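>>> Sequence first, then the predicted structure:
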Amino acid sequence: MSDSQALRDSFALVGKSGDEVPRYFYSYLFLIAPEVRPMFPVAMGDQRDRLVAALGRIVAEADAPDRLIPFLQQLGRDHRRFQVVAQHYEAVGQALLATLAYFLGDAWTPELQRGWTEAYSLVARTMIQAAEADGTVNPPWWNAQVVRHEQRGFDLAVLTLRLDQPMAYQAGQSVMVEAPMLPSTWRPYTPANAQRADGTIEFHVRAIDGGLLSPALVYGLRQGDVLRLGAPVGNRLTLRASQGRDLVLVAGGTGLAPLRALVEEIAQHGPYRRVDLFVAARDNHGLYDLPVLRQLAQVHPWLRVTPLVGADAGTFDNRSLAGPVLRSGAGGGRSFYICGSSAMVSATVRDLAGAGIPHDLLHYEDAR
């Protein structure tokens, strides 16, 4: 991008106005293109945060096309589920330039306007091309009917859905989910199973205090309801990351979902490898999927399941699980996968690294 430092400097200056910037942007956008308002959720707080984060990443990586282009291509593919078409990008570009001009005031020079116009043209063109290419192989979303809704705790449900058409995904990838009672409110969830021949997919959902979608899925969803799912994304928790090594899987809460999917994928396709799965919970009620895990361990001798409850798990929401995992003898050149709350994951990764586990063998993500 031309004069990327000028873009970064001007974006930093605009950023000093804080939340007023995305508020102005969306107000302007909905004024000039009211037809796009239904594409966005009623509560716009998270959407404003995502806008600022995306723009920040774009200007930060303006000189690194090897990172920026794949990011923009994924953004373009992701926006298909909102039914975004090429002409919508024109309105977004107009709103962006108007927002920058408003907050920069006298600092908004003709040179800066040309630089931002060129930069946005590249962004829009890359996203549009990626969306068009994706449209030749994938639908904008999948319809997924609820065939079973199991309440496994007062705040936790296991959902079994049947897709209306095949979805190719790897265990460990996530998909965006939208519920009919909350249109345009999308959140990522990771399937708890490898691909199945019957087209069903399973999600483990815990209702988050103050959340929108998760309580709706746990308390408001009924058999027969239809969710929308976005295309699968991500590779941090896929088996590809392990490069064929034996595995140590460390789960807290619904962070179990992607790790159970890894076990199923190994069981389906091999190669069979030694797998230690540690499942942490405050009490036995938190081991909501233990019967299924024990059945898997009975069928597959390469799998060992170890529950960590109470004192063994600490308060697994915010304490490291590295101690009990390492005391069990799990290690020795194996790949570690950690998924759960942000605090648990960061503490466990820190302590595993401190115990000498190489960073390239640590694969992790926060559960959502």
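That came through, no problem. Just so we're clear, the structure is a prediction, and the values are computed from it rather than from any experiment.
>>> Now do the helices in the protein.
Using DSSP state H, the helices assigned to the chain run over residues 4-15, 20-32, 45-60, 65-78, 86-104, 110-134, 213-215, 256-269, 290-299, 322-327, 342-354.
>>> Can you redo these as JSON lines, where the extra columns are mean neighbour count, mean pLDDT and distance to residue 180?
Every residue, glycine included, has its C-beta placed from N, CA and C. Conversion of those to JSON lines gives the following (neighbours: other Cβ atoms under 10 Å; pLDDT from 0 to 100; distance: least, Cβ to Cβ, whole Å):
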{"stretch": "helix 4-15", "mean neighbour count": "16", "mean pLDDT": "90", "distance to residue 180": "36"}
{"stretch": "helix 20-32", "mean neighbour count": "17", "mean pLDDT": "91", "distance to residue 180": "23"}
{"stretch": "helix 45-60", "mean neighbour count": "15", "mean pLDDT": "82", "distance to residue 180": "19"}
{"stretch": "helix 65-78", "mean neighbour count": "17", "mean pLDDT": "89", "distance to residue 180": "20"}
{"stretch": "helix 86-104", "mean neighbour count": "17", "mean pLDDT": "92", "distance to residue 180": "23"}
{"stretch": "helix 110-134", "mean neighbour count": "17", "mean pLDDT": "92", "distance to residue 180": "24"}
{"stretch": "helix 213-215", "mean neighbour count": "21", "mean pLDDT": "94", "distance to residue 180": "11"}
{"stretch": "helix 256-269", "mean neighbour count": "22", "mean pLDDT": "95", "distance to residue 180": "22"}
{"stretch": "helix 290-299", "mean neighbour count": "14", "mean pLDDT": "95", "distance to residue 180": "28"}
{"stretch": "helix 322-327", "mean neighbour count": "18", "mean pLDDT": "90", "distance to residue 180": "40"}
{"stretch": "helix 342-354", "mean neighbour count": "18", "mean pLDDT": "93", "distance to residue 180": "29"}
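>>> Let's check: the centremost residue of the protein is which one?
When the chain is reduced to its mean C-alpha position, the closest residue under Cα atoms, centre = their mean turns out to be residue 188, at 4.5 Å.
>>> who's in contact with the residue lying closest to that residue once chain neighbours are set aside?
Nearest-residue entry for residue 188: residue 174, 4.5 Å, with adjacent residues in sequence omitted and distances by Cβ to Cβ, 6 or more residues apart in numbering. For residue 174, the set of contacting residues under the criterion of Cβ atoms under 8 Å, 6 or more residues apart in numbering consists of 188, 189, 190, 191, 232, 233, 234, 258, 368.
>>> With residue 251 instead?
259, 260, 277, 278, 279, 280, 339, 340.
>>> Count the residues that sit near the nearest residue to the first one once chain neighbours are set aside.
In this case it means residue 259. Once flanking residues are discounted, residue 259 sits nearest to residue 249: 4.2 Å by Cβ to Cβ, 6+ apart. Counted with other Cβ atoms under 10 Å, residues neighbouring residue 249 total 27.
>>> Could you check the pLDDT of residue 249?
Listed pLDDT for residue 249 reads 96.
>>> Now residue 52: closest residue in space that isn't a chain neighbour?
In space, residue 52 comes closest to residue 22 once its chain neighbours are excluded; the distance is 5.7 Å by Cβ to Cβ, 6+ apart.
>>> circling back: and of the helices of the chain, who's closest to residue 154?
The stretch from these with the least distance to residue 154 (Cβ to Cβ) is helix 213-215; that distance is 11.7 Å.
>>> before we move on, back to that, is it true that the residue nearest to the centre of the chain touches residue 176?
Yes. Counting by Cβ atoms under 8 Å, a contact exists between residue 188 and residue 176, whose distance comes to 5.6 Å.
>>> Can you lay out the helices of the chain as a markdown table showing distance to residue 201?
Supplementary listing: the helices of the chain in a markdown table, determined by distance: least, Cβ to Cβ, whole Å:
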| stretch | distance to residue 201 |
| --- | --- |
| helix 4-15 | 39 |
| helix 20-32 | 33 |
| helix 45-60 | 24 |
| helix 65-78 | 19 |
| helix 86-104 | 30 |
| helix 110-134 | 20 |
| helix 213-215 | 17 |
| helix 256-269 | 10 |
| helix 290-299 | 15 |
| helix 322-327 | 29 |
| helix 342-354 | 24 |
